[in-house]
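Peer 1: Predicted structure and sequence below. I'll ask about it afterward.
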Amino acid sequence: MRILIVEDSRINQYIARDTLLKFLLDCEIEFAMDGEEALEMIYTQPIDLVLLDIIMPKLTGLQVLEQLNKASYKHLPKVIMLTTISDAKILKACFDQGATDYIKKPFEEMDFISRINSALREIKNEQALKRNAELLETQNIKLIEANESLKLAQYHLVQKEKLVAIGELAAGIAHEINNPLAFVTSNFTNVRQYVSTLKTFLEQLYATLESDESVLNQDLKVSLLESWERNDLAFILDDFPELIIDSQKGLDRVAKIVSSMRNFARLSDDEYFEYVYIADLFEEVFIVVNNEVKYSANIITDFPECPPIYCNKGQIEQILVNLLVNAVHAIKNQIHDGMGTIRIHTIPHEDACEIIICDNGTGIKEAHLSKIFDPFFTTKPEGQGTGLGLSITHNIVVDKHHGRIHVDSQWGNGACFHIFLPYKIDIE
Ligand SMILES: Nc1ncnc2c1ncn2[C@@H]1O[C@H](COP(=O)(O)OP(=O)(O)OP(=O)(O)O)[C@@H](O)[C@H]1O
Ligand SMILES: [Mg+2]
């Protein structure tokens with residue numbers, strides 16, 4: 001305990017000190033000759049108890065108390081007034097200003113020491129209480145953090161299990177579709193060939209029938225030509241190859257969807273890293289988000305060749321999906337009629353590929369900019385957003401791929417997310 005004796009009489013200082021040292025083993029004693037010196041010491045060092053004279057040069061004891069209160073101290077020492085006067089008025093004012101007790105001068109040993117002891121006991125109790133409160137506070141903070149990370153871990157787990165389940169389902173369906181798709185695709189190549197041959201043959205037949213007067217059965221010729229016209233065979237023969245080309249495109253698309261579904265099945269594989277071109281990733285991502293995007297936004301891309309990045313493909317696809325879905329939501333909130341725009345481009349840097357995804361949606365309020373990557377932060381109505389999309393994105397970019405992500409946005413003016421993914425990373 002540090003005790004400050006503020007007293008302009010040296011004799012009284014020494015009497016107080018000697019009495020303290022005689023009865024209290026565990027204390028350090030400091031002296032101040034006047035109020036100003038006392039304030040200076042209380043400002044600059046931790047003092048637990050002040051024995052404060054009332055009548056002193058420069059500042060009175062009461063004025064010292066007033067100053068202490070004005071400065072709104074974090075750690076106010078306990079104050080016991082030392083008084084020779086029995087002026088109840090001044091003492092009362094001192095109590096109003098925070099003094100807790102008084103000791104009469106000349107000191108009476110037992111009175112002096114018992115009051116000091118009781119003040120020190122109070123101080124010790126208060127300090128213990130404060131320590132307990134601080135301990136509780138830190139434990140509380142730790143509990144809140146543990147709770148948050150538990151929730152996050154649980155979400156990750158559920159999400160992962162969901163992905164595994166969806167992945168298995170997708171892989172199963174993809175496998176089932178793949179076989180018929182393979183033979184329909186291969187048959188289509190033949191169909192195309194056959195149609196072309198048939199078309200040539202029928203057109204030649206028609207031309208011969210029409211121009212050759214020597215055909216024996218004129219009735220048959222007329223009826224065949226009529227039937228040709230009636231059934232619009234010229235148009236059918238022209239349209240047929242087009243239909244086949246269109247159908248072929250449809251089949252290619254189904255094949256792409258099947259391949260995306262198979263890739264999706266690998267989403268749950270955290271450990272698998274490979275070299276991938278960003279443009280190829282986006283091709284699969286667009287298939288996944290197509291439904292979400294097509295009625296709300298046009299996507300404009302510009303992918304100057306970045307070297308391939310070493311990444312977990314499923315995870316990077318997941319973050320691109322998160323970012324595109326967020327952009328669509330922001331656009332829907334901003335543009336009620338008509339389509340918004342999502343611009344995506346890449347910049348090849350020396351050691352990383354920068355992906356920039358900009359939308360012309362609502363933008364982000366300045367006060368939210370520092371929070372959007374926090375887990376559970378969402379501005380969506382309850383039940384609609386978990387607020388985990390961007391925190392998972394941050395985790396995947398920064399922790400899993402040693403990259404960076406940041407956002408530029410102004411409320412009302414859309415948002416641009418910049419993601420830097422290194423070409424090479426050391427995975428521990
Ligand atoms: N492109 C964007 N434009 C405007 N605000 C955005 C954009 N992307 C994210 N935000 C803001 O950041 C918040 C957090 O996004 P995050 O993806 O983490 O969660 P969420 O989209 O709200 O919920 P969830 O992803 O679980 O559906 C959003 O609620 C939104 O306020
Ligand atoms: Mg989201």
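Peer 2: Cool, got the structure. Ligands and ions are numbered 1, 2, ... in the order given.
Peer 1: C-alpha from now on. contacts and neighbour counts both.
Peer 2: Noted.
Peer 1: Quick check: closest non-adjacent residue to the residue most central in space within the chain.
Peer 2: Nearest to the geometric centre of the chain sits F373, at 1.5 Å (CA atoms, centre = their mean). What sits nearest to F373 in space, not counting adjacent residues and going by CA to CA, 6 or more residues apart in numbering, is S391, at 4.6 Å.
Peer 1: Name the helix or strand for that neighbour, please.
Peer 2: helix 389-394 (DSSP states H and E).
Peer 1: that older thread, neighbours around the residue nearest to F373, how many?
Peer 2: By other CA atoms under 10 Å, 19 other residues sit near S391.
Peer 1: Likewise for the one 10 residues further on?
Peer 2: If you count neighbours by other CA under 10 Å, H401 ends up with 25.
Peer 1: where in this structure is pLDDT low?
Peer 2: 25, 72-74, 85-86, 159-160, 163-164, 166-167, 215-216, 260-270, 427-428 (pLDDT under 70).
Peer 1: before we move on, back to that, list the residues that contact the residue nearest to the centre of the chain.
Peer 2: Neighbouring residues of F373 by CA atoms under 8 Å, 6 or more residues apart in numbering: L390, S391, H394.
Peer 1: can you give me the helices for the stretch 151-300 of the chain?
Peer 2: 218-230, 233-265, 278-293 (DSSP state H, counting those that start in this stretch).
Peer 1: about what we covered before: for A352, state which of the contacts of F373 is nearest.
Peer 2: For the contacts of F373, the residue nearest A352 by CA to CA is H394; the value is 16.4 Å.
Peer 1: near ligand 1 at all, stretch 280-292?
Peer 2: No - figure legend: stretch 280-292 not in contact with ligand 1 (CA under 6 Å from any ligand atom); closest approach 12.8 Å.
Peer 1: Buried by neighbour count: which residues of that stretch qualify?
Peer 2: L281, F282, E284, V285, F286, V288, V289 (16 or more other CA atoms under 10 Å).
Peer 1: ditto for stretch 105-113
Peer 2: F107, F112, I113.
Peer 1: Tell me who's in contact with the residue in the stretch 151-300 of the chain positioned nearest to ligand 1.
Peer 2: In the stretch 151-300 of the chain, the residue that lies nearest ligand 1 is Y155 (10.4 Å; CA to the nearest ligand atom). Not one residue lies near Y155 by CA under 8 Å, 6+ apart.
Peer 1: Would you check how far apart it and ligand 2 are?
Peer 2: To ligand 2, Y155 is 14 Å away according to CA to the ion, to the nearest Å.
Peer 1: Verify the assumption that the residue nearest to the centre of the chain is located in a helix.
Peer 2: No - the assignment for F373, made by DSSP: H, G, I helix; E, B strand; the rest coil, is coil rather than a helix.
Peer 1: What backbone torsions are found at it?
Peer 2: Reported as degrees, to the nearest 10, the phi and psi values for F373 are phi -90, psi 0.
Peer 1: Please apply the same query to C353.
Peer 2: Torsion angles at C353 (phi, psi; degrees, to the nearest 10) stand at phi -100, psi 130.
Peer 1: All the strands of the stretch 301-428 of the chain, residue numbers only.
Peer 2: Per DSSP state E, counting those that start in this stretch, the stretch 301-428 of the chain carries strands over the ranges 309-311, 340-348, 352-359, 404-409, 415-422.
Peer 1: right, is the second one up against ligand 1?
Peer 2: No - looking at strand 340-348 against ligand 1 by CA under 6 Å from any ligand atom, there are no contacts, and the closest approach is 9.5 Å.
Peer 1: just checking, what packs against that strand?
Peer 2: Under the contact criterion of 3 or more CA pairs under 8 Å, 6 or more residues apart in numbering; DSSP states H and E, strand 340-348 touches strand 297-302, strand 352-359.
Peer 1: Ok, which of the ones you listed comes nearest A207?
Peer 2: strand 297-302 (48.4 Å).
Peer 1: In terms of secondary structure, what does the closest one contact?
Peer 2: Counting contacts by 3+ CA pairs under 8 Å, 6+ apart, strand 297-302 packs against strand 340-348.
Peer 1: returning to what we had before: can I get the contacts of F373 in JSON lines with distance to ligand 2?
Peer 2: Formatted as JSON lines, the contacts of F373 follow (distance: CA to the ion, whole Å):
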{"residue": "L390", "distance to ligand 2": "6"}
{"residue": "S391", "distance to ligand 2": "9"}
{"residue": "H394", "distance to ligand 2": "12"}
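Peer 1: Could you restrict those residues to the ones contacting ligand 1?
Peer 2: Among these, ligand 1 is touched by L390, S391 when using CA under 6 Å from any ligand atom.
Peer 1: From the contact counts, what lies against the helix holding S391?
Peer 2: Packed against helix 389-394 by the contact rule (3+ CA pairs under 8 Å, 6+ apart) you find helix 313-334.
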